[in-house]
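Colleague: next input, structure requested:
(chains A and B)
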Number of protein chains: 2
Amino acid sequence: MSARLYGVVIDSRDPPALARFWAQVLAFPIVFEEPDEVVVARDDDTYPALIFVPVPETKSVKNRLHLDLAPDDRDREVARLLALGATRAEVGQGPDVSWVVLADPEGNEFCVLSTREGGV
Amino acid sequence: MSARLYGVVIDSRDPPALARFWAQVLAFPIVFEEPDEVVVARDDDTYPALIFVPVPETKSVKNRLHLDLAPDDRDREVARLLALGATRAEVGQGPDVSWVVLADPEGNEFCVLSTREGGV
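Modeller: Prediction:
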């Protein structure tokens, strides 16, 4: 007996806007949208969804959970994400790590791995 | 161009212990284990991994990201998860929601959805 990982819920000040950012990051469509929930998921439902829900509070500390992205080309992907509205983030990662730490428009940290790390 | 969701990184006081809890929750194996990183992932690498990394700080506020689980049977799954070391959590969800809020052994909130919500 086990449970399937249905998705990652992301508390949001502006769920529609944050969902649109992540839909572009992952190239997934918005599959559900109501005032209290916006869902970004792969069409075939074979991958966990990102579920954006409204909360009144803003982010206050470094997130204890964050997403890691595996790009085809790290530096090109970082440039694309910065153009979409991501910003560079400093979480004490040091200058010599192989990944790049960014934050989404609401400040949620995430990492863009090197191609090697994310390669399959 | 897009990036693949490689995984969800979870800051941990005790990565080996927390990884073992989540490996049992999802029935995924531990596919990598070093002092600075423990990875729980489906063998075929078709699903995002859970990546446990050590941090010195404990959880201080409600997490801004949390996992949603889709069970076959919600109440049986909740009983199984409580036996594994989860605890019930109160995040203002109210008495009438269809999901159950739990916390993992380090206090990270997660939800067990009703079968209907998670059904595919």
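Colleague: doesn't A:S12 make contact with A:E106?
Modeller: Yes: counting by C-beta atoms under 8 Å, A:E106 touches A:S12, with 6.2 Å between them. (C-beta placed from N, C-alpha, C; glycine too.)
Colleague: identify the contacts common to these two.
Modeller: A:L18 (C-beta atoms under 8 Å, 6 or more residues apart in numbering or on different chains).
Colleague: quick one, which of these two is more surrounded?
Modeller: A:S12 (23 against 18; other C-beta atoms under 10 Å in any protein chain shown).
Colleague: and the more buried one, how close does it get to B:V39?
Modeller: The gap separating A:S12 from B:V39 is 28 Å, by C-beta to C-beta, to the nearest Å.
Colleague: now the strands for chain A?
Modeller: A:4-12, A:30-34, A:37-40, A:49-54, A:65-70, A:87-88, A:100-103, A:109-112 (DSSP state E).
Colleague: out of those strands, nearest to B:G7?
Modeller: strand A:65-70 (5.0 Å; C-beta to C-beta).
Colleague: just the residues contacting that closest one, thanks.
Modeller: A:8, A:25, A:77, A:99, A:108-113, A:115, A:117-120, B:3-11, B:51, B:63-67, B:108.
Colleague: outline the domain layout of chain A.
Modeller: A:1-57, A:59-120 (automatic domain parsing).
Colleague: so for the shortest one, mean pLDDT?
Modeller: The average of the pLDDT scores along domain A:1-57 is 93.
Colleague: run the chain-centre distance for it.
Modeller: 10 Å (C-alpha atoms, centre = their mean, to the nearest Å).
Colleague: now check it, is it near chain B?
Modeller: Yes: for domain A:1-57, a contact with chain B is found by C-beta under 8 Å from any C-beta of the partner chain, at A:1-11, A:25-27, A:45-48, A:51, A:55.
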